[in-house]
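*Asks:* Just a sequence and a predicted model for now, questions to come.
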Amino acid sequence: MTQPPYEFEPDDGWIPPEEPPDDGYADYEGGAVAWADPFVSEPPAGFAAQPSGHARAPQHASGLDALRTVYGFESFRGDQAEVVEHVASGGDAVVLMPTGGGKSVCYQVPALVREGTGLVVSPLIALMHDQVEALRANGVAAAYLNSSQDPSERAEVERAYVPGELDLIYVAPERLSSPQTRGLLARGALSVIAIDEAHCVSQWGHDFRPDYLTLGDLGEAFPGVPRVALTATATRETHREITERLHLGSARHFVASFDRPNIQYRIEAKTEARRQLLQFIRSQPDRSAGIVYALSRKSVEQTASFLAGQGIDAIPYHAGLPAETRTAHQARFLREDGVVVVATIAFGMGIDKPDVRFVAHIDLPKSVEGYYQETGRAGRDGEPSVAWMAYGLGDVVQQRRLIQQGDGDRARQQRQQQHLDAMLALCETVECRRQNLLAYFGQSSDPCGNCDTCLEAPKTWDGLVAAQKLMSTIVRLQRERGQSFGAGHLIDILRGKETERMRRFRHDELSTYGIGDDLSDQDWRSVIRQLLARGLLAPQGEYNTLAVTPESAGVLRGETPVPLRHDVIGRKSRPASARKTTAAETLAPEDRDLFEKLREWRAGQAREQGVPAYIVFGDATLRALAEHRPASLDALDAISGIGQKKRDAYGEQVLEVIRTV
């Protein structure tokens with residue numbers, strides 16, 4: 001069972017790891033006990049796939065036929081066609097494809113064209129629910145097995161699976177570890193085995209799930225069934241771990257670009273995080289859905305309350321809330337327009353909402369992988385979206401302290417420090433952020449022209465003298481008086497402030513007292529943050545005092561250059577020429593009214609059925625309807641996103657809305 005990362009509340013100290021109990025708490029499947037050592041690939045006797053039921057006949061003649069009939073799309077995107085053809089013909093695959101790139105098509109379509117039922121290993125209950133609802137809306141016979149069901153519901157799914165009545169069945173890795181579930185699957189016939197969110201197998205990753213380690217034997221347990229492992233985030237090391245731990249050495253690898261060109265990346269210096277966040281949200285189009293990530297539960301509660309008090313429809317989400325509250329808040333976020341959820345990182349992996357227009361961070365993520373995964377929840381529909389972050393000195397100090405005080409051994413701490421260093425490099429770069437982000441995953445690109453550093457190139461200045469003044473102060477305090485202090489008092493010394501603490505310690509007698517009054521408090525905090533990010537300073541001890549590092553020697557001798565960036569606080573929203581437009585804004589003025597009428601109709605359908613609005617139709621489909629105004633059922637076939645089932649279910653109603661505008 002997974003243990004989400006520690007949370008730290010500045011005022012209250014440590015909170016133990018949030019460990020989901022056996023009832024599926026926080027959307028994790030629980031209660032199953034692994035039957036084997038996770039590093040031993042040999043399955044128990046009797047677990048070879050020997051179907052006693054009936055294999056489901058292929059539902060479509062080809063992958064393209066399934067794509068057009070079920071999903072309403074005329075052609076595959078990117079690597080989808082190659083992956084589908086390879087898996088449908090019986091080959092194993094490892095697929096690295098960004099969020100919104102259409103990974104689900106890579107296993108759902110092969111399941112529809114091969115004999116048998118597709119097995120999907122999915123990490124979260126909410127994710128299973130959303131995908132099964134979407135499949136059923138498209139006329140696919142899909143089901144899941146998890147702890148949210150009562151025994152009679154699970155029995156009904158089992159009865160449908162064995163005789164081959166299902167196209168796809170979703171199961172959590174914890175449940176798949178049990179002999180009972182393995183035995184059930186052996187009684188039917190599998191067409192494809194898909195391991196979604198495969199990065200969870202990486203013990204060095206940000207979403208490690210121990211039960212993923214038991215999935216490596218599936219090839220032996222179900223011989224002849226093609227396996228496909230998929231993820232939206234993987235460094236070369238994680239890619240290697242996926243391949244080795246899932247025993248996919250002979251698989252074909254498909255690595256798409258991790259670039260999400262529709263996402264605009266913005267990072268700014270943190271001063272008043274909540275005020276900056278409010279300014280950012282107000283700069284976004286009206287009724288924009290968004291996710292705000294904060295490090296602690298207290299910060300989540302306070303930020304949600306602050307935003308709500310400013311007229312933003314904001315709701316909190318963290319594992320300390322009652323289960324019914326989390327469920328209600330998640331349902332509102334999925335099914336209503338314009339809701340902003342403020343959450344810890346426990347929220348998001350299972351969220352399949354395509355029209356999230358922004359993801360904001362008011363605390364520094366622990367790794368680039370985590371940041372990429374979280375920001376990737378914006379703009380899954382391909383429409384323009386924003387990833388915004390406010391990042392400050394306190395973030396750097398706190399993250400380094402969490403690593404130093406963590407329970408891991410030295411190797412683990414070094415790996416965590418490497419993750420943090422890469423995250424800090426992304427924050428402090430003066431070059432294109434997208435280039436930096438893609439380089440972390442081993443890919444390259446030209447400057448994107450759509451991140452904050454491209455749109456407004458950061459100004460830099462020579463920080464050597466400032467760094468020497470600060471380091472000299474730290475060294476003198478340590479060597480002459482055996483003292484160490486945090487950033488606030490060091491800045492007071494440099495700026496020559498007269499305080500009670502200054503008089504008590506007689507620090508106004510230091511030779512460096514007042515030599516830094518040419519910089520403001522905020523300027524000095526920026527200097528310290530950037531020196532910490534570069535490893536030229538380090539926090540130490542319980543009270544986060546600052547110390548020089550071995551790398552500081554070159555700075556003190558004047559041999560190491562120290563270029564620093566000027567912080568731009570609270571950037572205003574971009575001019576219209578620099579910000580990509582939303583779905584509605586791309587329409588001609590005469591079509592926007594119809595688009596909004598279609599949105600209203602969709603919202604009514606979603607409420608009536610109790611499903612998220614995108615399950616009915618996505619914004620891109622509504623936009624196409626508003627632009628082309630089809631006048632007959634046959635004409636609906638030309639609209640992307642309308643398959644046969646949805647045309648039959650909604651066609652007449654859609655045509656009626658179009659006729660009334």
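*Replies:* Structure's in. What do you need?
*Asks:* quick one: the most far-flung residue of the chain relative to its centre from residue 481, how far?
*Replies:* In the chain, residue 509 marks the outermost C-alpha relative to the chain mean, sitting 51.0 Å out by C-alpha atoms, centre = their mean. Look at residue 509 and residue 481: by C-beta to C-beta, to the nearest Å, they are 10 Å apart. C-beta coordinates here come from the backbone N, C-alpha and C atoms, glycine included.
*Asks:* what comes up buried for the helix or strand hosting residue 555?
*Replies:* Secondary structure from DSSP states H and E places residue 555 in helix 552-556. In terms of neighbour count (16 or more other C-beta atoms under 10 Å), helix 552-556 has its buried residues at 552, 555.
*Asks:* counting contacts, what elements does the longest helix along the chain pack onto?
*Replies:* Counting by DSSP state H, the longest helix found in the chain is helix 589-609. The helices and strands touching helix 589-609, judged by 3 or more C-beta pairs under 8 Å, 6 or more residues apart in numbering; DSSP states H and E, are helix 613-616, helix 619-628, helix 644-660.
*Asks:* Doesn't residue 539 lie inside a strand?
*Replies:* Yes. Residue 539 forms part of a strand when assessed by DSSP: H, G, I helix; E, B strand; the rest coil.
*Asks:* Let me know the distance separating the closest residue in space to residue 281 that isn't next to it in sequence from residue 275.
*Replies:* In space, and not counting its chain neighbours, residue 281 is closest to residue 312: 6.0 Å by C-beta to C-beta, 6 or more residues apart in numbering. Distance check for residue 312 against residue 275: by C-beta to C-beta, it reads 13 Å.
*Asks:* Pick out whichever of the two has more residues nearby.
*Replies:* Comparing residue 312 with residue 275 by other C-beta atoms under 10 Å, the one with more neighbours is residue 312, at 20 against 13.
*Asks:* Now the more buried one: which helix or strand?
*Replies:* Take DSSP H and E as the rule and residue 312 turns out to sit in neither a helix nor a strand.
*Asks:* where does it land on pLDDT?
*Replies:* Note on residue 312: pLDDT of 96.
*Asks:* residues contacting it?
*Replies:* The contact partners of residue 312, taken as C-beta atoms under 8 Å, 6 or more residues apart in numbering, are 278, 281, 340.
*Asks:* so where is the protein shaky, pLDDT-wise?
*Replies:* Low-confidence segments of the chain (pLDDT under 70): 1-53, 204-206, 348-350, 542, 568-585.
*Asks:* How is it partitioned into domains?
*Replies:* Split into domains by automatic domain parsing, the chain comes to 32-255, 263-458, 461-565, 584-660.
*Asks:* Enumerate every residue touching residue 203.
*Replies:* Counted by C-beta under 8 Å, 6+ apart, residue 203 has contacts residue 241.
*Asks:* mind redoing it with 10 Å?
*Replies:* Neighbouring residues of residue 203 by C-beta atoms under 10 Å, 6 or more residues apart in numbering: 210, 212-213, 238, 241, 245, 412, 415.
*Asks:* related to what we said a few turns ago, next, format the contacts of residue 312 as JSON lines and append secondary structure, distance to residue 431 and neighbour count.
*Replies:* As requested, the contacts of residue 312 are exported to JSON lines (DSSP: H, G, I helix; E, B strand; the rest coil; distance: C-beta to C-beta, whole Å; neighbours: other C-beta atoms under 10 Å):
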{"residue": "278", "secondary structure": "helix", "distance to residue 431": "29", "neighbour count": "19"}
{"residue": "281", "secondary structure": "helix", "distance to residue 431": "27", "neighbour count": "19"}
{"residue": "340", "secondary structure": "strand", "distance to residue 431": "31", "neighbour count": "26"}
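*Asks:* So which of these is the closest to residue 524?
*Replies:* Closest to residue 524 out of those is residue 278 (26.2 Å), distances taken as C-beta to C-beta.
*Asks:* Would you mind listing the buried residues in stretch 335-348?
*Replies:* Buried residues in stretch 335-348, counted by 16+ other C-beta under 10 Å: 335-336, 339-348.
*Asks:* If you could redo that for stretch 530-547, that was the one I meant.
*Replies:* Buried positions in stretch 530-547, judged by neighbour count with 16+ other C-beta under 10 Å: 530-534, 536-539, 544-546.
*Asks:* ok, now stretch 485-505?
*Replies:* Within stretch 485-505, judged by 16+ other C-beta under 10 Å, the buried ones are 485-487, 489-495, 497, 502, 505.
*Asks:* what's stretch 74-85 in contact with?
*Replies:* Contacts with stretch 74-85, where a contact means C-beta under 10 Å, 6+ apart, come from 62-64, 66-68, 73, 86, 91, 93-98, 101-103, 105-110, 112-113, 228, 230, 252, 254-257, 382, 637-638, 640.
*Asks:* got the CA positions of that stretch in PDB?
*Replies:* Presented in PDB, the C-alpha positions along stretch 74-85 are these (Å, rounded to 0.1, in the frame of the first residue of the first chain):
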ATOM      1  CA  GLU A  74     -11.400   9.900 -38.300                       C
ATOM      2  CA  SER A  75      -7.700   9.200 -37.700                       C
ATOM      3  CA  PHE A  76      -5.200   8.300 -35.000                       C
ATOM      4  CA  ARG A  77      -2.800  10.800 -33.600                       C
ATOM      5  CA  GLY A  78       1.000  10.600 -33.300                       C
ATOM      6  CA  ASP A  79       2.200   7.100 -32.400                       C
ATOM      7  CA  GLN A  80      -1.300   5.800 -31.700                       C
ATOM      8  CA  ALA A  81      -1.700   3.900 -35.000                       C
ATOM      9  CA  GLU A  82       1.700   2.100 -34.600                       C
ATOM     10  CA  VAL A  83       1.000   1.200 -31.000                       C
ATOM     11  CA  VAL A  84      -2.500  -0.100 -31.700                       C
ATOM     12  CA  GLU A  85      -1.300  -2.200 -34.700                       C
END
